[in-house]
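S.K.: no sequence for this one, just the structure:
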């Protein structure tokens, strides 16, 4: 989408480990699910590999015929256990405000169950123009295209795939499971240590693409 005063640009952000440190809440929810179902779950391992769809993780601990039911219960328990311990990652609020300051729109595009993603953002005080959940890799790219996002910011290799699929600038932050070199090798256009570096990058990027 042209980045002009008459057509505001849109920046897409991933949620888990990009905008928010959701690990404590996710860990607490898996522990609650384990206690309720009697199914052993290594919650510490789970939070090292956030990003892919919930069912992918659930299937590591539950048989296929129980996976859908376990995922549904996880989403219910999530509302009891996950929001209070979750905090914005360093620079997250400033990154969102930087987009606003340049007249841009915010689209949060995440693999998380959309109603819970919305509650997370509300709890964190982050206002988005669009929130789209239950997406991963290429399907994130579809949503990015639909919302005219020219930049997508994420922490996972799947986020880079989504940005590429949409023809958006892939900005990776090394706050998730991958280091800077892995993100570069996966095709990120830009790699930042965390979102504290994003406002300066965005200002430079917009200056470069200005007509």
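M.R.: Thanks, I have the structure now. Everything quoted here is computed from the prediction, not taken from an experiment.
S.K.: so residue 48: helix, strand or coil?
M.R.: Assigned by DSSP: H, G, I helix; E, B strand; the rest coil, the conformation of residue 48 is coil.
S.K.: can you give me phi and psi for it?
M.R.: Main-chain dihedrals, residue 48, degrees, to the nearest 10: phi -90, psi -10.
S.K.: grab the nearest non-local neighbour of it.
M.R.: Ranked by CB to CB, 6 or more residues apart in numbering and with sequence neighbours excluded, the top spatial neighbour of residue 48 is residue 177, at 6.1 Å. The way it works is simple: take the backbone N, C-alpha and C, and place the C-beta from them, glycine included.
S.K.: name the element that neighbour belongs to?
M.R.: Residue 177 belongs to no helix or strand when assigned by DSSP states H and E.
S.K.: and this structure, what are its domains?
M.R.: Following automatic domain parsing, the chain resolves into domains at 10-21+87-209, 23-81.
S.K.: run through who's touching the lengthiest helix in the chain.
M.R.: Longest helix in the chain by number of residues, with DSSP state H as the criterion: helix 64-81. Contacts with helix 64-81, where a contact means CB atoms under 8 Å, 6 or more residues apart in numbering, come from 25-26, 28-30, 32-33, 36-37, 39, 54-55, 58-59, 61-62, 113, 116, 119.
S.K.: centre of the chain to that helix, how far?
M.R.: Relative to its parent chain, helix 64-81 has a centroid offset of 20 Å by CA atoms, centre = their mean, to the nearest Å.
S.K.: in it, what's buried?
M.R.: 67, 70-71, 73-75, 77-78, 81 (16 or more other CB atoms under 10 Å).
S.K.: in the protein, which spans are helices?
M.R.: Secondary structure of the chain (DSSP H): helices at 23-37, 43-46, 54-58, 64-81, 92-101, 114-124, 138-146, 157-166, 180-185, 198-209.
S.K.: tell me which of those sits nearest to residue 17.
M.R.: helix 23-37 (7.4 Å; CB to CB).
S.K.: buried residues of that closest one, list them for me.
M.R.: Using 16+ other CB under 10 Å as the test for burial, helix 23-37 gives 23, 25-33, 37.
S.K.: ok, now stretch 167-184?
M.R.: For stretch 167-184, a neighbour-count test (16+ other CB under 10 Å) marks 168-176, 178, 183-184 as buried.
S.K.: starting at the chain centroid, how far to it?
M.R.: Computed by CA atoms, centre = their mean, the chain-centroid distance of stretch 167-184 equals 12 Å.
S.K.: just the endpoints, please. Distance across that stretch?
M.R.: Chord length of stretch 167-184, first to last residue, is 17 Å (CA to CA, to the nearest Å).
S.K.: highest average neighbour count across the domains of the chain?
M.R.: Greatest average neighbour count among the domains of the chain goes to domain 10-21+87-209 (a mean of 20), per mean count of other CB atoms under 10 Å.
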